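Student: Structure of the sequence below:
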Amino acid sequence: MFIGLLVLLVGVFVSPAMWVAGAVVFVVGTVTLWMLGITPAGRRHAARNELALAEHVQERADGAARSVQEQRDAAAAEQARRGEEAAGVLQRAVDGLLKELPVRGTSQQEAIAWCLSRVHLANDPRLRAEAERLARRHIAVDERLLCIAQSEGERRRPALLILTDRGAAIADQGLSYRYEPQPRDIFKAPEAGWGHLRAGALVFSFSCNPQLRIALAAREKAARALPTAGAADRPEERLIRTARDAELAAVDWMRYLGFADAVATAVGADEGIDVLAEQAVAQVKKEGSPTSRPTVQQLHGVAAAQSKAALFFSMAGYTPQAMDWASRHGIALFQYDLQGTPSPHNLPAHHLMQQAATLAAPIRTPRRNASRPLHTDHCPAHAALREEDVSRQAERAGLRPESLQDIANEVITEQRATMVWLQERFFLTRPQTRKALDALEQLGLVSPPAANGRRTVTVGCRASCPRARP
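Tutor: Model prediction:
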């Protein structure tokens, strides 16, 4: 076909015969190629060519995809390596910070000076004075200061942040407030040196405050390492030399009494409140004369305004008028000695101590005679108490399952279910006794209270039960 086309073009300029010959060759070639294309052999040949071309294109695409994936894998591996290196560097920095950190109980002035020295701002008297004011207002005396940071942005006077092991405090344009950093407020990155902490509209950048990133990680580790005070942890004796020692001892005992989040407030803060918890406030007095009624009334006013319980710790005791007024208004009064151990001085205080002692150890079961064995499965009344039912009702009543089991066995055996008997028998408070009786009612062991408040036992031991009354 191509030869015929060439001859045709040449024949135009040479002679008509050559032009005719070229036209004939072109037509014959075109027909021949068309015939070959519609035959099975022609189609197979064309298909092989198309398949080879498609394979070549696919091979090039696969090669390009492999190259892109290798680059991505290499970038991910490099990023993971950098992240591991940054995590190792951060962990070593955290360990170094916790090792160099001033011990708990160090004065706030010394702790602030140490934090400012780490960011080379120890010689800035204005910043130091502002940090001390912020700490006095919003940082408890037993908190450990981890870092002091300043916000970024176009501000003539940047905001100030003090980070501690239990929270933070911020001073911004004459206002100061307590702040609790949340995980969503912290933006971290694998590479060290960038990221930030956001507190509302304020941004504290890690690049501007390199110690802040380390302090946040150290705060998490310090929080995990803090001992959780509970009812089972009776505080150790603490020699009371100063008013601060008395406040810290009161914190330990309030945690023992069930206020696990109790912390000592800063000096001169919170209207005379020395210990603050979510559900209670306390005032501590280390004076030579007994605490008077007006002082107790002042504590009651602050507690009532915050809808919290009120506790008072005094070394010299209380006047009779203060004790009478506090008992009528539900204020727990404690008198502590030089070792920081408090003793209850009115009924609300006694109830708190009894409740803490009850939660600290299983309820004491009265001593039994040798002729009256412990629980046996031979009696249907005792054997009918299913463990899962007892556990569920004990949880609702705030008791241990084994304690509720002992109470149920004694009620069935003695066929008694009065408030006074249970209080004396198991050393329970009145609210605990009421909850225990409600739990026994749900278990089907006692009846609902009658009009006079009395309950009757609805089940009994058979005569052959070893626990039955003689």
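Student: for the stretch 51-200 of the chain, which spans come out with low pLDDT?
Tutor: Of all residues in the stretch 51-200 of the chain, those with pLDDT under 70 make up the ranges 104-106, 122, 140-142, 154-155, 188-194.
Student: 90 instead, please
Tutor: For the stretch 51-200 of the chain, residues meeting the criterion pLDDT under 90 lie at 51-58, 60, 62-63, 76-160, 162-169, 171-200.
Student: Would you mind identifying the next helix or strand past the longest helix along the chain?
Tutor: For the chain, the helix reaching the highest residue count under DSSP state H is reported as helix 40-100. For helix 40-100, the succeeding helix or strand toward the C-terminus, using DSSP states H and E, is helix 108-118.
Student: Give the other helices and strands that that following helix contacts.
Tutor: Packed against helix 108-118, as judged by 3 or more CB pairs under 8 Å, 6 or more residues apart in numbering; DSSP states H and E, are the following elements: helix 125-138, strand 145-150. Yep, even glycine has a C-beta here, placed from its N, CA and C like the rest.
Student: Comparing those, which comes out most buried?
Tutor: Among the helices and strands packed on helix 108-118, strand 145-150 has the highest mean neighbour count (mean count of other CB atoms under 10 Å), at a mean of 24.
Student: Now do the helix or strand just after it: distance to the chain's middle.
Tutor: With elements assigned by DSSP H and E, the helix or strand that comes after strand 145-150 is strand 160-164. Relative to its parent chain, strand 160-164 has a centroid offset of 19 Å by CA atoms, centre = their mean, to the nearest Å.
Student: just checking, what packs against strand 160-164?
Tutor: Contact analysis of strand 160-164 by 3+ CB pairs under 8 Å, 6+ apart lists helix 125-138, strand 145-150, strand 167-172, helix 210-225 as its packing neighbours.
Student: Throw the helices and strands packed on helix 108-118 into JSON lines and include distance to Arg82, thanks.
Tutor: As requested, the helices and strands packed on helix 108-118 are arranged in JSON lines below (distance: least, CB to CB, whole Å):
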{"stretch": "helix 125-138", "distance to Arg82": "34"}
{"stretch": "strand 145-150", "distance to Arg82": "24"}
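Student: Of the ones you listed, give the one that comes closest to Lys435.
Tutor: Nearest of these to Lys435, taken as CB to CB: helix 125-138 at 38.2 Å.
Student: ok, back up a step: got the helices and strands packed on strand 160-164 as TSV, with distance to Ala23 columns?
Tutor: Listed next are the helices and strands packed on strand 160-164 as TSV, based on distance: least, CB to CB, whole Å:
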stretch	distance to Ala23
helix 125-138	100
strand 145-150	92
strand 167-172	95
helix 210-225	86
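Student: Which among these is found nearest to Thr295?
Tutor: Across the helices and strands packed on strand 160-164, the minimum distance to Thr295, taken as CB to CB, is reached by helix 125-138, at 22.3 Å.
Student: From the chain's centroid, how far away is that closest one?
Tutor: Chain-centre distance of helix 125-138: 28 Å, with CA atoms, centre = their mean.
Student: List the neighbouring strands of the helix or strand Ala282 falls within plus their orientation.
Tutor: Secondary-structure element containing Ala282, defined by DSSP H and E: strand 280-285. For strand 280-285, the paired strands and their directions (DSSP bridges) are strand 275-276 (antiparallel), strand 309-314 (parallel).
Student: Same list (the ones you listed) but as a markdown table, adding mean neighbour count, distance to Arg92 and mean pLDDT.
Tutor: Conversion of the strands paired with strand 280-285 to a markdown table gives the following (neighbours: other CB atoms under 10 Å; distance: least, CB to CB, whole Å; pLDDT from 0 to 100):
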| stretch | mean neighbour count | distance to Arg92 | mean pLDDT |
| --- | --- | --- | --- |
| strand 275-276 | 24 | 36 | 90 |
| strand 309-314 | 25 | 43 | 95 |
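Student: follow-up on the earlier one: check which element follows the strand holding Ala282 along the chain.
Tutor: Helices and strands here follow DSSP H and E; after strand 280-285, the next one along the chain is helix 293-305.
Student: tell me the angle that next one makes with strand 280-285.
Tutor: Direction vectors for helix 293-305 and strand 280-285, defined by axes from the mean of the first three to the mean of the last three CA atoms, to 10 degrees, enclose an angle of 160 degrees.
Student: what helices or strands is helix 293-305 leaning on?
Tutor: Contacting helix 293-305 under the criterion 3+ CB pairs under 8 Å, 6+ apart are the following elements: strand 280-285, strand 309-314, helix 320-328.
Student: The helix or strand just after the longest one to helix 293-305, inter-axis angle?
Tutor: Which is helix 320-328. Elements were assigned by DSSP H and E; along the chain past helix 320-328, the next helix or strand is strand 332-336. Strand 332-336 and helix 293-305 meet at an angle of 130 degrees, taking the same axes, to 10 degrees as the criterion.
Student: Okay, now the sheet partners of strand 332-336, with direction.
Tutor: strand 309-314 (parallel), strand 342-344 (antiparallel).
Student: List of residues touching that strand?
Tutor: Counting by CB atoms under 8 Å, 6 or more residues apart in numbering, strand 332-336 makes contact with 240, 246, 249-250, 253, 296, 309-318, 322-323, 326-327, 342-346, 348-349, 351-352, all of which sit outside it.
Student: Tell me, what's the model's pLDDT at Ala303?
Tutor: The model reports Ala303 with a pLDDT of 90.
Student: Relative to Glu110, how far out is it?
Tutor: If you measure Ala303 against Glu110 using CB to CB, to the nearest Å, the figure is 33 Å.
Student: which of those two has more neighbours?
Tutor: Set Ala303 next to Glu110 and count neighbours by other CB atoms under 10 Å: Ala303 wins out with 21 against 11.
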